[in-house]
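Asks: Quick one, structure for this:
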Amino acid sequence: MSMERHATIWINVTTSATWHRAAVGIVRVERELRDNLKKFYPDGQFRECIWTGSGFAEIETSSFDSCSSYEIAGDT
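Replies: Predicted coordinates for the structure are as follows:
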């Protein structure tokens, strides 16, 4: 019985998570990349993070679909 370990894929979505206007440039790229990574890696290999000013923090996937707010993982 072989147990494969898969690498975690992280994407920094700081811009998208804090953006409150129509999507432009990098915001569109982050959202498109995020949506496609979710499709290719549905089994938890894909994670999202934001820069908090002192380091990166994981956020709940899709917690900012409206881009009005986000939740840092473990803060709920």
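
Asks: all helices of the chain, in order?
Replies: Defined through DSSP state H, the helices belonging to the chain, from first to last, are 14-18, 25-40.

Asks: Any chance of the ones you listed in JSON lines with mean neighbour count, distance to A7 and mean pLDDT as columns?
Replies: C-beta coordinates here come from the backbone N, C-alpha and C atoms, glycine included. Written out in JSON lines, the entries for those read as follows (neighbours: other Cβ atoms under 10 Å; distance: least, Cβ to Cβ, whole Å; pLDDT from 0 to 100):
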{"stretch": "helix 14-18", "mean neighbour count": "19", "distance to A7": "21", "mean pLDDT": "88"}
{"stretch": "helix 25-40", "mean neighbour count": "13", "distance to A7": "13", "mean pLDDT": "89"}
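
Asks: OK, contacts around the most centrally placed residue in the chain?
Replies: By Cα atoms, centre = their mean, the chain has its centre lying nearest to E48, at 2.5 Å. Contact analysis of E48 by Cβ atoms under 8 Å, 6 or more residues apart in numbering lists 10-11, 13, 34, 58-61.

Asks: Most neighbours out of those, which is it?
Replies: Neighbours here are counted as other Cβ atoms under 10 Å. On that basis the top member of those is V13, with 24 neighbours.

Asks: Appreciated, that's everything.
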